[in-house]
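**Student:** I need the structure of the sequence given here:
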Amino acid sequence: QVQLVESGGGLVQAGGSLRLSCLASRRTFSPYVVGWFRQAPGPGKVREFVAAIDRTGNYTIYLDSVKGRFTASRDNALNTVYLQMNSLKPEDTAVYYCAAGSLLLRRYAGDYPYWGQGTQVTVSS
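**Tutor:** The predicted structure is shown next:
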């Protein structure tokens with residue numbers, strides 16, 4: 001089983017940047033697509049797809065509202081996937097999760113069996 005640990009979250013002003021990291025332990029996640037999801041605070045908020053990167057790192061897909069601002073990358077030698085987030089907006093405030101286990105680039109959370117615990121990102125206006 002793959003265990004995932006996110007890091008890099010924090011408090012940043014609007015327009016700022018953060019880089020999230022997702023480290024896999026116990027097993028490599030190099031065979032898998034890795035996805036990033038987020039869940040904003042408040043009742044009724046669902047976990048939302050943000051980005052996904054294929055096992056080679058050559059193909060990525062993104063939520064429309066983050067295209068051009070967020071970039072997913074991976075270093076399989078370090079068992080780490082990154083999400084570079086630039087030009088952050090208050091509406092990006094959420095707990096961000098990485099997930100793994102899909103063999104194809106998917107936007108549906110149910111396609112990813114392995115999840116980290118999440119890291120909080122707060123963007124102030």
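**Student:** what sits up against whichever strand or helix holds residue 12?
**Tutor:** Counting by DSSP states H and E, the element that carries residue 12 is strand 10-13. Applying CB atoms under 8 Å, 6 or more residues apart in numbering, the contact partners of strand 10-13 are 18, 88, 120, 121, 122, 123, 124. C-beta coordinates here come from the backbone N, C-alpha and C atoms, glycine included.
**Student:** over to stretch 57-66?
**Tutor:** Applying CB under 8 Å, 6+ apart, the contact partners of stretch 57-66 are 48-54, 70-74, 76, 85, 91-92, 105, 107.
**Student:** list the buried residues in that stretch.
**Tutor:** 60, 61, 62, 63, 66 (16 or more other CB atoms under 10 Å).
**Student:** how far is stretch 62-75 from where the chain is centred?
**Tutor:** 9 Å (CA atoms, centre = their mean, to the nearest Å).
**Student:** can you give me the end-to-end span of that stretch?
**Tutor:** With CA to CA, to the nearest Å as the measure, stretch 62-75 spans 19 Å from end to end.
**Student:** with stretch 44-55 instead?
**Tutor:** First-to-last residue span, stretch 44-55, CA to CA: 32 Å.
**Student:** list the contacts of that stretch.
**Tutor:** For stretch 44-55, the external contacting residues (CB under 8 Å, 6+ apart) are 30-40, 59-63, 66, 70, 72-74, 76, 81, 83, 94, 96-97, 102, 105-109.
**Student:** so residue 52 is in which element?
**Tutor:** With secondary structure defined by DSSP H and E, residue 52 is part of strand 48-53.
**Student:** about what we covered before: please flag which of the contacts of strand 10-13 sit within strands.
**Tutor:** Within those, residues falling in strands by DSSP state E are 18, 120, 121, 122, 123, 124.
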